[in-house]
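Student: Sequence and predicted structure, then a few things I'm wondering about:
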Amino acid sequence: MPKTAKSDPARTLTLCAPVGELVAAKDDSATDGAPSPRRFGMVAYTGGAMRLAGWPHPVVVDLAGMQVSAKSRPILKDHNPSLIVGHTESVRVEGSQLLVSGVVSGAGAVAREIVESSLSGFPWQASLGASAEQIETVGKGRSAQANGRTFDGPVQVVRRSRLGEVSFVALGADDDTEARVAARKENAEMDFNAWLAAKGFDDADALSDAQRTSLKAMYHAEHKPTATAVADNPAVVARIDAGGVVADLRAVAAAETKRIAEVRRLCAGRRGEIEAKAIGEGWDVARTELEILRADRPQVNAVRTGGDATSATALEAALCLSAGLPEAQVGKHYDERTMNAALSRDLSGAGLHTLLFEVIRAAGGYARPGRVDNETIRAAFGADRRLVEAAGTSGFSTISLTGILSNVANKTMLGAYQAVPSVASMIAAETDVNDFKEITRYRLTGVGVFEKVGPDGELKSAELSEDAFTSKVETYGRMITLTRQMLINDDLGAFLQIPRIIGRMSALKREEALFELLLANPGSFFSVGNKNFLSGATTALSIDSLTSAEQAFLDQTDSEGKPILLAAKTLLVPTSLKVRAQQLMTETRVNEFTSSSKPANNPHVGKFTPVATPYLNAQGITGGSALAWYLFADPEDVAAIEIAYLRGRRVPTIESGDTNFNTLGVQWRGFFDFGVSMQDTRAAVKVKGEA
């Protein structure tokens with residue numbers, strides 16, 4: 001099922017959609033000759049999927065769940081509450097479309113700008129300001145229904161939303177939409193008279209017919225008349241055709257179309273705010289290029305915070321890929337958009353030099369891309385320090401040299417740690433502790449079983465006994481240094497070789513600590529007295545010795561001597577017995593090494609999971625044997641061994657240290673906090689394995 005979750009109530013959903021025709025309508029109540037208010041109509045949303053900034057997947061707004069207040073909603077410019085354009089008179093859903101109509105009731109320059117630019121042909125678009133109150137995330141391979149359509153995942157469906165306001169914006173989700181102005185006939189004469197007054201003709205009645213015809217031609221030429229408005233006055237058509245005004249209009253329109261296309265090409269989606277201003281304010285190509293250069297120029301001594309966080313995560317993902325981590329593994333830590341950016345031409349193959357330059361740029365500095373020297377390294381360290389300080393005051397920083405390298409080192413180390421095949425997790429329980437003090441754990445066990453209830457109906461109280469076990473966490477670790485030579489050589493691989501070693505050595509250390517403890521047999525954990533140790537001439541791994549070990553397992557009892565019904569799960573053997581163990585667990589008939597050497601039926605086939613480890617017969621560990629083998633219970637049921645970790649951190653950690661300005665290097669520490677302890681003697685049986 002798709003995942004449904006409530007969003008943050010403060011989350012704003014901005015919907016960009018086509019704007020319908022903005023028209024002038026006559027207000028019959030006006031009696032003083034003042035211009036009547038402009039009315040507009042918008043197709044505000046067509047019910048489809050949209051790409052919105054800040055959302056990881058396309059967004060669909062379920063119009064059935066949109067709440068609209070009965071009150072008029074504000075009409076703004078660019079979602080700015082201080083830029084008032086007007087108010088709505090009607091907001092309704094028809095089919096899969098959201099339709100909005102209202103009045104340009106604003107009295108300021110913003111309202112006049114919207115009307116005048118619309119009448120001049122500027123393609124305004126609509127943007128709805130709404131709060132997303134319930135969001136359904138539809139994963140890849142699934143689909144969802146909304147607005148009478150089916151949408152395939154990944155997609156996010158806003159099931160409940162509340163409309164706040166509607167804004168005029170220069171650029172919406174659909175660049176091909178536009179707003180048009182059509183002056184109605186009853187208002188055309190009034191608009192012409194206003195135009196005459198603006199041109200200095202205070203007394204329109206004093207104009208001759210010829211003058212009025214010529215001036216109307218100029219008026220319609222400036223206001224790009226529609227075919228209907230021109231066709232209503234044949235004299236105007238003749239005057240325009242005679243003077244070549246239509247040809248001029250076409251030339252102007254072609255030039256404007258070319259200008260807008262060139263502006264969009266220059267901005268190429270990178271500078272949305274510059275593109276909007278350039279189109280809206282009529283900038284030429286030269287002015288647009290200049291503004292782009294100014295925006296791209298680093299501002300020295302200014303620390304930029306709160307910028308595009310995706311660039312930092314994309315750089316981090318790119319470094320992970322450059323370090324040799326598989327794309328599938330890296331993709332588990334980052335979303336699709338970040339991975340696409342990391343794999344792009346700009347970041348593909350990113351190394352230490354890329355990171356140094358990006359840190360300097362993020363802090364507002366400048367370093368010429370190319371050769372890295374001591375000054376570049378110092379500049380990057382200084383920039384990193386300023387970014388960290390800025391993050392302390394603002395709570396956010398886009399890029400941090402130490403932060404990104406720490407994350408990359410941790411992921412590299414984790415990959416190496418998880419790549420080591422582990423036996424420990426198969427035979428030992430895992431738990432968490434809060435500090436490094438030795439702790440005592442108690443497992444409460446019931447004494448006895450249910451008893452028959454007598455005629456009086458009285459239930460007797462069950463007694464609890466306590467089994468006590470101790471655990472203690474220790475720290476294992478090593479320092480990592482990013483040297484000046486690594487930075488100058490752009491040698492990311494050499495730097496990350498250390499966390500790889502730490503990851504692998506951490507896994508090996510945990511394995512080694514467990515088997516050192518197991519083979520040391522502390523407190524005679526495996527002993528005849530505990531009924532979990534078998535020895536003698538018949539204990540070599542075979543059908544009969546397995547039968548004896550299993551019986552010893554099944555015969556374990558509680559403190560009252562009653563069975564606890566604990567079964568073995570894992571057959572643990574040294575590598576010298578690996579093949580023999582696999583045969584016993586897979587073959588229904590096996591050759592027993594007796595005087596007759598005849599095949600024998602195998603009642604244990606498939607009963608236990610065979611696991612081999614070289615630690616049992618390792619010469620470097622005291623107590624090792626190439627003959628001894630073990631049966632272990634499922635550690636999630638009853639554990640013979642327990643591994644304790646500090647505060648839930650079950651993998652090693654890498655933390656960054658202070659920048660070392662004397663050696664132009666950076667240091668990290670890699671460490672792993674864990675402890676191993678023996679627990680319940682009834683959860684394992686050791687067999688000496690003598691021939």
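Tutor: Received, thanks. These figures come from a predicted structure and were not determined experimentally.

Student: Let me know the distance separating residue 409 from residue 388.
Tutor: Separation of residue 409 from residue 388 (Cβ to Cβ, to the nearest Å): 17 Å. Where C-beta positions appear, they are placed from N, C-alpha and C, glycine not excepted.

Student: more crowded one of those two?
Tutor: residue 409 (27 against 16; other Cβ atoms under 10 Å).

Student: quick one: which helix or strand includes the more buried one?
Tutor: helix 401-419 (DSSP states H and E).

Student: what packs against the helix or strand just after that helix?
Tutor: Next helix or strand after helix 401-419 toward the C-terminus (DSSP H and E): helix 424-427. Applying 3 or more Cβ pairs under 8 Å, 6 or more residues apart in numbering; DSSP states H and E, one finds that helix 424-427 makes contact with helix 492-520, strand 568-574, strand 609-613.

Student: So which bits of helix 424-427 are buried?
Tutor: The neighbour-count check on helix 424-427 (16 or more other Cβ atoms under 10 Å) flags 424, 426, 427 as buried.

Student: which one of those sits closest to residue 262?
Tutor: Ranked by distance to residue 262 (Cβ to Cβ), the buried residues of helix 424-427 are led by residue 424 at 65.6 Å.

Student: Correct me if wrong: that closest one contacts residue 509.
Tutor: No. When contacts are counted by Cβ atoms under 8 Å, residue 424 is not listed as touching residue 509 (10.6 Å).

Student: Doesn't residue 389 lie inside a strand?
Tutor: No. Going by DSSP: H, G, I helix; E, B strand; the rest coil, the assignment for residue 389 is helix, not a strand.

Student: That one and residue 363, how far apart?
Tutor: Distance, residue 389 to residue 363, using Cβ to Cβ: 10 Å.

Student: cool, and residue 652?
Tutor: From residue 652 over to residue 363 the distance is 31 Å, taken as Cβ to Cβ.

Student: Look at those two and report which has more neighbours.
Tutor: Per other Cβ under 10 Å, whichever of residue 652 and residue 363 has more neighbours is residue 363, with 30 against 26.

Student: With adjacent residues omitted, what lies nearest to that one?
Tutor: Distances taken as Cβ to Cβ, 6 or more residues apart in numbering place residue 383 nearest to residue 363, at 3.5 Å, with adjacent residues excluded.

Student: Residue ranges of each domain in this protein, please.
Tutor: If you go by automatic domain parsing, the domain ranges for the chain are 3-182, 187-243, 252-296, 309-399, 421-451+461-484+504-691.

Student: tell me, which of those is the model least confident about?
Tutor: Lowest mean pLDDT within the domains of the chain: domain 187-243, a mean of 55.

Student: picking that back up, name the residues of the helix holding residue 409 that are buried.
Tutor: Going by neighbour count (16+ other Cβ under 10 Å), the buried part of helix 401-419 is 401-417.

Student: Contact partners for the residue most central in space within the chain?
Tutor: Against the mean C-alpha coordinate of the chain, by Cα atoms, centre = their mean, the closest residue is residue 335 at 4.6 Å. Taking Cβ atoms under 8 Å, 6 or more residues apart in numbering as the criterion, residue 335 is in contact with residue 56.

Student: Alright, that wraps it up for me.
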